[in-house]
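[1] From the sequence below, what's the structure:
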Amino acid sequence: MAKNKSAPLHHTPPAAGAFVGVARRDITPPPGIYARMWGAAKHDVSRGTHRPLCVTALAIRADKYSSPILLISADLALLGDLGESADEECLMEPIYRRLGLTRAQIMVNCSHTHASPWAASSRASMPGGQMIAPYLTRLGEALANAAEEALATTVPATFTWATGRCDLATNRDLPDPDKSKRRVVCGFNPDIKADDTVMIGRITRDADDSVLATVVNYACHPTTLAWLNTLISTDYIGAMRDVVESHTGGAPCLFLQGASGELAPAHQYVGDTRVADGHGRRLGFAALSALESMLPPCQRLSYRGVTESGAPLAVWWPEAFEPSRIIEGRHVLIPFPLKKMPAPALLEQQIAQTKDRAMKERLFRKLQIVKSLGKSKTKAQSAWIYRIGQTLIIAHCNEAYSQFQIQLRAAFPDFAVVVMNVTGAEMGYIAPPEFYKLNLYQVWQTPFDRGSYDLLLKTCRDEAARLTRIREQSSRRSRRVEKAKRASAQRGRK
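    As a prediction, this is how the structure comes out:
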């Protein structure tokens, strides 16, 4: 082989070294709980379970002694009701009380399955609503228990990321074929290509390289099961997890819902659970394909030169590298501008007057949002921006269009960029400004005005850019602190 005289060439996967723990709890509600997620539904309560719901907690810290962050995946449509933060605060209180963590350290991402119970205090007077308060109490304890166990079981581990592709998600902004309506309806639009990116994270124990957990970040509304379905379900997510976990030794798989404001399966709005399971297997096998593309932990491809054969052959071989150990980030509140919304009294009057069941539900949802807005012209909304090695985690509490994750990934090509919608208490959609001229559900549903998308993108991009400039010195300093603490602990035992 000829000696390579050029500068070294490497292909290094996005990776991170950290202390990581994982834990899971069941959060399946009992039959009979209020579960009318769809305005078109004829039923109000669930009649059984298709696939059990769960919360899966991932605890991440730079070393054994540093302050952690928690990344929690929950099989819920949302935390509480639209615009209502009281239920979210109630759910998070056990974690704050028992673990002493702050909101900045905890990201609870809802899978957004529309076959989960609508567990909100505002629904307590509805059929099956008497089960909501006990369920919220149980849910809060499950979140805290999973988080506590994950923190107690952290071990040295390595994150490795790969990008896969899955065509399950399609664009769901379809111009109404009835041109006289002059509106966009919510369903499969075959003329617009959807973002098909799947971000796959593999977390391995440093002790033996076994898989501790996996992460699947994908943008697609779990709206397969709709008004004809009466069963509690994860929608496509449960079957996806089964596929991935069956091929990774049973290691828990966290699903993180991406920026899916305009994305959903082409075949949806059904009552047949087999359709949802088929969707999940499609995503699961796409995730496994990406997992199979990975080298062993802490290995990258290194260019070794040219071997002259029938052609000049560029030879790349695996070699070891040390992943970044930087963990840094923060929680921010972004003041989104608000549209002019109807007064609560007007909405209450319209609810009382309408006999249309679907319209009554639509008005009730808007009323919950309006009640939470107050009289300000802006509404502060949460976002989290974290760096974990060569990974950027960007989460927010509303539903952004996929353009949000596309632009962020383009801005930081050297990082694995994990983007999450529905993290915390949701209020509405975040559509790019050009969509505000359309008669479109995502525009008339949201209380946020047209400048909100640009504000969210700029805030997250600017903060992420700051984090990418942090150099590895901070990580080396962290390891020196860890070494000093160990030495101090040993002196204390003597």
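[2] you'd agree Pro323 is up against Gly389?
    Yes. Counting by C-beta atoms under 8 Å, Pro323 touches Gly389, with 5.4 Å between them. Every residue, glycine included, has its C-beta placed from N, CA and C.
[3] Show me the strands in the stretch 1-150 of the chain, by range?
    With strands called from DSSP state E, counting those that start in this stretch, the stretch 1-150 of the chain shows them at 10-11, 15-26, 54-61, 69-74, 106-110.
[4] okay, which residue of this structure is out on the far edge from center?
    Largest separation from the mean C-alpha position in the chain: Gly310, at 48.7 Å (C-alpha atoms, centre = their mean).
[5] so that one, which of the three states?
    Of the three states, Gly310 takes coil according to DSSP: H, G, I helix; E, B strand; the rest coil.
[6] Name all residues that make contact with Thr167.
    Quick fix: residue 167 is Asp, not Thr. Neighbour list for Asp167: 194, 196, 282 [criterion: C-beta atoms under 8 Å, 6 or more residues apart in numbering].
[7] Assign Val306 to helix, strand or coil.
    Assignment for Val306 (three-state DSSP): strand.
[8] Compute the distance between it and Pro312, please.
    5 Å (C-beta to C-beta, to the nearest Å).
[9] In terms of neighbours, single out the busier of the two.
    Per other C-beta atoms under 10 Å, whichever of Val306 and Pro312 has more neighbours is Val306, with 15 against 9.
[10] Do I have it right that the more buried one meets Trp316?
    No. Between Val306 and Trp316 there is no contact, the gap being 11.1 Å when judged by C-beta under 8 Å.
[11] for the chain, which spans come out with low pLDDT?
    1-7, 84, 473-494 (pLDDT under 70).
[12] try it again with 50
    Where the chain drops to pLDDT under 50, the residues are 1-4, 474-475, 481, 494.
[13] For it, which segments count as helices?
    86-99, 132-152, 236-246, 273-292, 344-353, 357-373, 403-411, 441-445, 452-468, 473-493 (DSSP state H).
[14] between the ones you listed, which gets nearest to Arg183?
    Closest to Arg183 of these, according to C-beta to C-beta: helix 441-445, at 8.8 Å.
[15] I would like the residues contacting the closest one, please.
    Applying C-beta under 8 Å, 6+ apart, the contact partners of helix 441-445 are 173, 184-186, 261-262, 366, 399, 401, 428-429, 431, 435-436.
[16] Let's see that with 7 Å instead.
    Identification of contacts with helix 441-445 by C-beta atoms under 7 Å, 6 or more residues apart in numbering yields 186, 261-262, 428-429, 431, 435-436.
[17] Out of those, name the ones that lie in strands.
    186, 429 (DSSP state E).
[18] From the contacts of helix 441-445, pick the one nearest His43.
    Closest to His43, out of all of the contacts of helix 441-445 and judged by C-beta to C-beta, is Cys186, at 21.0 Å.
[19] What residues sit buried inside stretch 17-27?
    17-25, 27 (16 or more other C-beta atoms under 10 Å).
[20] okay, the strands of the stretch 1-150 of the chain in a markdown table with distance to Glu361 next?
    As requested, those are exported to a markdown table (distance: least, C-beta to C-beta, whole Å):
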| stretch | distance to Glu361 |
| --- | --- |
| strand 10-11 | 52 |
| strand 15-26 | 29 |
| strand 54-61 | 27 |
| strand 69-74 | 23 |
| strand 106-110 | 20 |
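[21] Quick check: which of those is nearest to Pro413?
    Here strand 10-11 is closest among the strands of the stretch 1-150 of the chain (C-beta to C-beta), at 13.2 Å.
[22] thinking Arg461 is in contact with Ala411, fair?
    Yes. Here Arg461 reaches Ala411: they are 5.6 Å apart, a contact under C-beta atoms under 7 Å.
[23] Quickly list what the residue lying closest to Ala62 once chain neighbours are set aside is bridged to.
    Leaving aside its chain neighbours, Ala62 sits nearest to Ile327 (4.5 Å; criterion: C-beta to C-beta, 6 or more residues apart in numbering). Ile327 has these beta-bridge partners by DSSP bridges: Ile388.
[24] What residues does Ile327 make contact with?
    Ile327 is in contact with 18, 60, 62, 388, counting by C-beta under 7 Å, 6+ apart.
[25] So among those, which ones count as buried?
    By 16+ other C-beta under 10 Å, these give 18, 60, 62, 388 as buried.
[26] for these, which one is nearest Ala144?
    For the buried ones among the contacts of Ile327, the nearest to Ala144 is Ile60 (17.3 Å; C-beta to C-beta).
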